[in-house]
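1. Need coordinates for the below:
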Amino acid sequence: MLKQFFLLFITIFLLVIQQVDAQVPDVDKLSDAQIEQFLKEGEARGMSESQIEAAAMANGYSVMDIAKVRERINRVKTKTNSTVSVDTKVEREQIGEIAERTEVQVTNEEQVSTKKNVYGSSIFNNKNLSFEPNLRIPTPLNYILGAGDQLKVDITGYAYQHYDLEVSPEGTVKLESLSPINVNGLTVKDAKEKITDRLKVLFAGLRNGSLNLDMTLGNVKSIKVFVLGEVVKPGSYTVSSLATAFNALYLSGGPSPIGTLRNIKVLRNNKEIGIIDVYELLTTGSFGKDISLRDQDVILIPTAEKRVEITGEVRRPMIFELKQGETFADALSYAGGFTEQAYKASLTVTRNTDKERKLLNFSADIASSFLALNGDNYFVPTILNRFENRVEVLGAVFRPGEFALGQNLKTVKQLVQRADGLREDAFLNRAILVREQENLDPLFISLDIGAIIRGDIKDVELKRQDQLVIKSIVEVRQLRTVSIEGAVNSPGSFDYADGMTVKDIILLSGGFTEGATNKRLEIARRIKSDDPTQKSVEIIDMNIDKVLPLNSVSLDLKPFDKIFVRSLANYDSQEIVEIEGEVNYPGAYAIGNRSERITDLIERAGGMKPESYLNGARFFRNGKQVAVSLQDAFSSKSSVNNLLLQEGDKLIIPKAAETVSFQGQFLNPVDVAYQLDYSFQDYIAQAGGFTDSAFVKKTYVIYANGLTDRTRSFLGLKTYPKVERGMTIIVPTKNRDKWTGAERISISTGLVSVSAVLLTLFRLI
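-> Numbering: from 1, shown residues only. Down below sits the predicted model:
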């Protein structure tokens, strides 16, 4: 169809030109715009292929002219299509379904453990490493063609022709009217040469080199291969014809726990064509020896012949498969080599013999010649956590730390010199040299470090692991401090220093507070005495100038002195109280003096308003209500209800309450309007009376100011609390005593016993 389409437009184009000009035009001088115009004009016309060729030849056009026009039209059409579709690339695809990996559940714990520990076995369990073939690679020239493969053939030059060929089940492809071409079993390279030879019959340009033929592999077929032997899931697998042996191994789950990773064989036509060593991929990262598969290939996985295990100080402790002739050095390279902590002087191997096991030791120096045997278990120990030439100095030296015992460092004095000498605060009378004994117990050796440094006594030889401890003067005495408390800005403890005075410690503590007095300072000083009859502390009283002048006398302090700075006798910070409610000037007030009371606060607030309710006043201290009677407080300022004010006190004077509230065992516990002529019983009646559960004798009231009162009874006469505005009447629930099960059983048993005794007496009578 494509050929007919091109020929149609070529002929129309030539006929149109002929009508315009009787002479045959030069095809090479036509522009792309003219070609496009002729294509548009010819869309409405139709002719058969024979008519097109006849018309073209009758008008004097040669075969070469027709081929040139065909190529020009193809270029124009390709250019036009490229503006319509951005991506015209046809990618290679896989024909038919191929096998997918099936996960296999292995229930044998020993097999799971073995496969997990064998180096390289996990590579076929990695879902991100499936070894799938890349269908976008350039056409492999050694690719073997077979039934189902597709070929794309392009003829380019002054003419253009494209063929999509599919290899038939008989292994042939068909071109034009040519007889079928057999390409089965040929490589892409050989098939290209064969197809080129056959097309030379149709295209003379292929014979003289004016045309080119390009052939690429299109969609690829699938092939069937077999994975047998010690494999997780043996069987046949349908894979892409571009697949390799690694892809088939992944699909089958890889070698079983006893299968080899080093000697996987690929068989073709009953002949071994290659061996796969997985370790080469793991150690070099190269797929160089991966084998491309063909239909009916067999991958055979024998059992592993030699495995060894390496544990201890190696970077990859695992089980490793070795080939015949490989040594411990080879296994060590697979294990990633020694760690930094490996002890290489004596490696241990446990080896199986015909009857039992035996233990061998060897040095890492002969690792390359130490032949590994199947079942060997190598252990690389850790170096000792000790030093062969370390000595250490700690304490009052300028550079404490560890040093190497050697030719220039052999004695205690040399060690101190290597540490840049003793600090000025070093305690020179005694130092301790801690030395390891043969049984590793520590041994203390006391030294006069000052005499050694001065050269007054013989220097001491050092040994490996010696530790020299030199204390400072501060470390061998109690930490000396002085403290100050009271009316200073930052009281606390301070480190003692020689020459420190009382003024110094006051300055360090931030100076006097505003209310401090400078006339009653006290210093409490320790007395060093072994006489129990003497006092243990000396109290020193003193006065001091608040400005702390430098030229005035100030007492020198001693270690552990305690200084107490007093406040002025009548100095205090402002203490604030609050009053709210029905007073003329509510708000916060400062307590004027220590004798100020509640009534004084009300007076300072301008007195109470006419609508205030004195008996309902509520007084709070520390956030809790204190029940007081202000009426009683106003009647007598010395009354116990007229409390002295304290910081944070709060007084609330409400308006006159207009209701009486009820709580507890009432039939209708609602608030009732206060009425002057109502008695206590009238209010009970307003609440509907008591319920059956009411504990009437315990009825009590809470007045608005927090005070309480209860019902009293004498000789059957009840005296009820006084009725006031805003009170709450409360009737608790009567608790009915119930016997427990044990009590009922005990009483029942007692009654039965009494009944038995009475019955016995009755019979005797």
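2. distance of Ala372 from Ser748?
-> Ala372 sits 91 Å away from Ser748, going by Cβ to Cβ, to the nearest Å. No exception for glycine: its C-beta is placed from N, CA and C like everyone else's.
3. what does Val167 give?
-> Counting by Cβ to Cβ, the gap from Val167 to Ser748 is 108 Å.
4. Helices of the stretch 351-500 of the chain, start to end?
-> For the stretch 351-500 of the chain, the helices defined by DSSP state H, counting those that start in this stretch occupy 412-418, 449-454.
5. For the stretch 51-200 of the chain, which segments count as helices?
-> Taking DSSP H, counting those that start in this stretch, the helices of the stretch 51-200 of the chain run over residues 63-84, 109-117, 188-199.
6. burial measure for Thr517, as a count.
-> With neighbours defined by other Cβ atoms under 10 Å, the count for Thr517 comes to 17.
7. wait, what's in contact with it?
-> Residues near Thr517 by Cβ atoms under 8 Å, 6 or more residues apart in numbering: Ala487, Val565, Arg566, Ser567, Leu568, Ala569.
8. ok, back up a step: neighbour count winner among Ala372 and Ser748?
-> The neighbour count for Ala372 versus Ser748, taken as other Cβ under 10 Å, is higher for Ala372 (25 against 10).
9. distance of that one from Asn593?
-> 101 Å.
10. Find the nearest non-adjacent residue to Met542, please.
-> Of all residues not flanking Met542 in the chain, Leu521 sits nearest, at 5.1 Å (Cβ to Cβ, 6 or more residues apart in numbering).
11. pLDDT at that neighbour, what is it?
-> In the prediction, the pLDDT value recorded for Leu521 is 91.
12. rewinding a little: between the helices of the stretch 351-500 of the chain, which one is closest to Gly285.
-> Counting by Cβ to Cβ, Gly285 lies closest to helix 412-418 out of the helices of the stretch 351-500 of the chain; the figure is 50.2 Å.
13. Could you confirm Ile745 falls within a strand?
-> No - assessed by DSSP: H, G, I helix; E, B strand; the rest coil, Ile745 does not belong to a strand; its assignment is helix.
14. got a pLDDT number for it?
-> If you check Ile745, the pLDDT there is 77.
15. could you dump the host helix or strand of Asp541 to PDB, C-alpha only?
-> Secondary structure assignment for Asp541, by DSSP states H and E: strand 537-542. This file holds the C-alpha atoms of strand 537-542, laid out as PDB (Å, rounded to 0.1, in the frame of the first residue of the first chain):
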ATOM      1  CA  VAL A 537      31.300  28.100 116.700                       C
ATOM      2  CA  GLU A 538      32.400  31.600 117.300                       C
ATOM      3  CA  ILE A 539      29.900  34.400 116.600                       C
ATOM      4  CA  ILE A 540      31.400  37.700 115.500                       C
ATOM      5  CA  ASP A 541      29.100  40.900 115.400                       C
ATOM      6  CA  MET A 542      30.200  43.800 113.300                       C
END
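16. who does that strand touch, helix- and strand-wise?
-> Identification of packing neighbours for strand 537-542 by 3 or more Cβ pairs under 8 Å, 6 or more residues apart in numbering; DSSP states H and E yields strand 521-526.
17. the inter-axis angle of the strand it packs on versus strand 537-542?
-> Following axes from the mean of the first three to the mean of the last three Cα atoms, to 10 degrees, one obtains 160 degrees for the angle between strand 521-526 and strand 537-542.
18. got any ranges where the stretch 51-200 of the chain has weak pLDDT?
-> Residues of the stretch 51-200 of the chain meeting the criterion pLDDT under 70: 51-99, 101-116, 128, 130, 133-137, 139.
19. quick one: the residue nearest to Met542 and Arg566 touch, right?
-> Yes - between Leu521 and Arg566 there is a contact under Cβ atoms under 8 Å: 7.4 Å.
20. what about the two, which has more around it?
-> Neighbours of Leu521 and Arg566, each counted by other Cβ under 10 Å, are more numerous for Leu521; the result is 22 against 16.
21. who are the neighbours in contact with Gln296?
-> Contact analysis of Gln296 by Cβ under 8 Å, 6+ apart lists Ile223, Lys224, Val225, Phe226, Arg268.
22. Could you check how far it is from Arg268?
-> Counting by Cβ to Cβ, the gap from Gln296 to Arg268 is 8 Å.
23. what does Val308 give?
-> Distance of Val308 to Arg268, given as Cβ to Cβ: 33 Å.
24. Neighbour count: these two, which is higher?
-> Taking neighbours as other Cβ under 10 Å, Val308 and Arg268 compare with Val308 leading, 23 against 16.
25. Sort the contacts of Gln296 by pLDDT and name the bottom one.
-> pLDDT across the contacts of Gln296 is lowest for Ile223, at 86.
26. which non-adjacent residue is nearest Gly607?
-> Spatially, and ignoring its direct neighbours in sequence, Gly607 is nearest to Asn584 (6.0 Å; Cβ to Cβ, 6+ apart).
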